[in-house]
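Engineer: Compute the structure for the input listed below.
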Amino acid sequence: MPGGREKTRQRRVALLIESTRAYARELILGIARFNQERTHWRVEFTPRGIDDSPPTWLKAWKGDGILARIDTSRMARALTEKKVPVVDLRRAVHREGLPQVGPDDAAVSEMVFEHFQQRGFRRFGFVSLPPGTHKAMDRRAEHFRELVEALGCAHHQLNVKAVTTGDRWEKMCRQIERWIKRIDRPCAIMTCNDDLGLQVLDACRRLGIRVPDEIAVAGVGNDVCLCDLALPGLTSVDLNPQRIGYEAAALLDRMMHGKTITDREALIAPARIVARQSTDVVAAEDPHVAEALVFIRDQACRGIQVADVLRQVHLSRAALEPRFKQAIGRTVHQEIQRIRLARVQELLTATDMPIKQIARLAGFRYPEYMMRIFRQATGQTLKQYRKGLKT
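Structural biologist: Below is the predicted model:
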């Protein structure tokens, strides 16, 4: 238009993401937030399941980009044949040149492992899908095993065989039951997703095994419906799906603007572990260490010092410290600080509280000291950490 500004063409983006699971719906919310804040795509979406075939309308569709959860080679081929930018948010299928965005699976396993360690466990298990079913699940299993072996602890793994006919739940639970019977207890079990976490809890209940006293269980995905449906409630990792959706949308936007993409896999750190009853236990075999861990967990954010822990367990520092470090790999002081810093991260994530208030609620007398050790532990300032959560 003479004398005026050329109107920007509205881009058409297709979302091929299932709407049947909480994780996928959170991805969509992240995509929606990017679209509202940064651009105004014409988004085309129809409800679908993860196993659905490529939609019939795709062949004739004329658009600019696609965000998809690709579960099969057939779907990957159908999307790449469109010759438009595509970003995959599932990472179940590898296809050359197809960018992928998803959780940092090594960080997920490390988060669960540390959660178990804090509770004093020395025996660990992992329940997963058959190898090759989903590379993200394979990564979680592999990294968890590496962490356990590095600590010199016992590790057990079950790859649940796929069941396609009959009572799938019953047959899978029987596999898990047979495996659990062979495991020495107490044992902490990580499952590759919340679905299997629910089944492990069911298998324990049928065997009369007390959870979390004999076996603690943590899943991945933090599907609130599943986690609260479980008895007891299932501890799980919040994978930060809205952030994943947001970053996938940002990546697609850059691709549609002709930007060169060098990193074909973007991994997003998990937000946090959501502790529920399935891991609410201290499993240290040394009763003095177990008592110290419970006391620290309950009182760390009330400003306690190492001396307070020693008075609680009626031991000298020279007597407690070696036993404590052997059990969990940290000193008493380090454990107190770890609990406090976890509280700081929780408050930074969930609130807009000022730094002084966060310091007080996390048990730090001086905000400056809290800021210094937070940076030492995370490599970020409090401001950088909070800003990262918002972006």
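
Engineer: Distance of His288 relative to Ile355?
Structural biologist: Per CB to CB, to the nearest Å, His288 is found 36 Å from Ile355. Every residue, glycine included, has its C-beta placed from N, CA and C.

Engineer: what's the answer for Val294, then?
Structural biologist: In this view, Val294 and Ile355 are 29 Å apart by CB to CB.

Engineer: okay, these two: which has more neighbours?
Structural biologist: Regarding Val294 and Ile355, a neighbour count based on other CB atoms under 10 Å identifies Ile355 as having more, with 19 against 16.

Engineer: I'd say the more buried one and Phe374 touch.
Structural biologist: No. The criterion here is CB atoms under 8 Å, and Ile355 misses it with Phe374 at 10.0 Å.

Engineer: Quickly list what's touching both of the two.
Structural biologist: When contacts are counted by CB atoms under 8 Å, 6 or more residues apart in numbering, the set common to Ile355 and Phe374 consists of Leu382.

Engineer: My reading is that Arg205 lies in a helix. Confirm?
Structural biologist: Yes. According to DSSP: H, G, I helix; E, B strand; the rest coil, Arg205 belongs to a helix.

Engineer: Now it: closest residue in space that isn't a chain neighbour?
Structural biologist: Excluding the flanking residues, the one nearest Arg205 by CB to CB, 6 or more residues apart in numbering is Leu231, at 6.9 Å.

Engineer: Secondary structure element holding the one you found?
Structural biologist: Under the assignment given by DSSP states H and E, Leu231 is not contained in any helix or strand.

Engineer: Around Thr191, how many other residues sit close by?
Structural biologist: By other CB under 10 Å, neighbour count at Thr191 equals 31.

Engineer: do you know how far Ile261 is from Tyr385?
Structural biologist: 27 Å.

Engineer: more neighbours, the two?
Structural biologist: Comparing Ile261 with Tyr385 by other CB under 10 Å, the one with more neighbours is Tyr385, at 17 against 14.

Engineer: Touching, the more buried one and Leu347? I think so.
Structural biologist: No. If you go by CB under 8 Å, Tyr385 and Leu347 don't touch, sitting 10.9 Å apart.

Engineer: residue ranges of the strands in the stretch 201-350 of the chain, please?
Structural biologist: 215-220, 235-238, 265-268, 272-274 (DSSP state E, counting those that start in this stretch).

Engineer: Contact partners for Gln326?
Structural biologist: Neighbours of Gln326 in contact, by CB under 8 Å, 6+ apart: none.

Engineer: Sorry, slip of the keys, the one I care about is Ile17.
Structural biologist: By CB under 8 Å, 6+ apart, the contact list for Ile17 reads Ala24, Leu27, Ile28, Phe45, Arg48, Leu67, Ala68, Arg69, Leu89.

Engineer: For the residue nearest to Arg205, give me the pLDDT.
Structural biologist: Note for Leu231: predicted pLDDT of 85.

Engineer: what's the spacing between it and Asp202?
Structural biologist: Distance from Leu231 to Asp202, counting by CB to CB: 9 Å.

Engineer: the more surrounded of the two?
Structural biologist: Neighbours per residue (other CB under 10 Å) separate Leu231 from Asp202, with Asp202 holding more: 18 against 14.

Engineer: which residues does that one contact?
Structural biologist: By CB under 8 Å, 6+ apart, the contact list for Asp202 reads Trp169, Cys173.

Engineer: Report the distance from stretch 163-180 to the chain centre.
Structural biologist: Relative to its chain's centre, stretch 163-180 lies at 25 Å (CA atoms, centre = their mean, to the nearest Å).

Engineer: Ok, stretch 281-290 next?
Structural biologist: With CA atoms, centre = their mean, you get 26 Å for stretch 281-290.

Engineer: ditto for stretch 122-136
Structural biologist: For stretch 122-136, the separation from the chain centroid amounts to 15 Å (computed by CA atoms, centre = their mean).

Engineer: buried sites along that stretch?
Structural biologist: Arg122, Arg123, Phe124, Gly125, Phe126, Val127, Ser128, Leu129, His134, Lys135, Ala136 (16 or more other CB atoms under 10 Å).

Engineer: Excluding sequence neighbours, find me the nearest residue to Ile358.
Structural biologist: Leu347 (4.8 Å).
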